[in-house]
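In: make a model of this:
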Amino acid sequence: MSSAGWRQLPHTSDIYIEAYGRSLEEAFEQAGLALFRTIIPVAEGVERWVEVVAEAQDLQGLLYEWLEKLLHVFELDNLVGTVVKVRRLTVGEVCRIEGVVGGVEYNRAIHETGTAVKSPTYAFMEIDTAKNVVRFVLDI
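Out: Numbering: from 1, shown residues only. Have a look, this model is predicted:
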């Protein structure tokens with residue numbers, strides 16, 4: 001892929017996302033942005049940063065844990081992510097991702113609400129390391 005981004009794919013009842021980049025790190029960043037844009041479609045600026053670290057036994061587990069931690073940033077830290085950066089992604093016996101989310105305080109009076117996300121899922125999850133593409137479903 002020559003650029004980074006994400007798009008919503010057809011799904012009968014949930015949100016199905018394809019995220020891609022020039023590297024797997026960029027694809028994971030775009031996956032995070034897709035999650036935040038699903039919840040709050042429009043937000044700009046960075047008021048503060050939150051560190052995010054996730055670990056799992058494989059890449060699919062890592063994508064799930066990464067998205068789950070990012071969802072917690074919104075729900076528990078009340079932060080709408082506008083920038084998602086992966087600082088380090090390691091694949092081995094234990095897969096680990098370290099990153100940061102920059103964003104703005106969620107304010108119901110200012111931010112248009114999109115779709116409430118309950119959780120990421122393993123349904124239809126795919127990770128193509130050769131093409132730096134990840135696909136996943138968000139349970140709504």
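In: contacts, neighbours, all on C-alpha from now
Out: Will do.
In: per-residue confidence for the residue lying farthest from the centre of the chain?
Out: Relative to the C-alpha centroid of the chain, counting by C-alpha atoms, centre = their mean, residue 109 is the outermost residue, at 24.3 Å. Turning to residue 109, the model gives it a pLDDT of 92.
In: again, but for the one 5 residues further on
Out: We have a pLDDT of 92 for residue 114.
In: if I look at it, how far off is residue 36?
Out: 9 Å (C-alpha to C-alpha, to the nearest Å).
In: now do residue 59
Out: For residue 59, the distance to residue 36 - C-alpha to C-alpha - is 21 Å.
In: and those two? Which one has more around it.
Out: Using other C-alpha atoms under 10 Å as the criterion, residue 59 and residue 36 rank with residue 36 on top: 27 against 20.
In: list the buried residues of stretch 31-44.
Out: 31-40, 43 (16 or more other C-alpha atoms under 10 Å).
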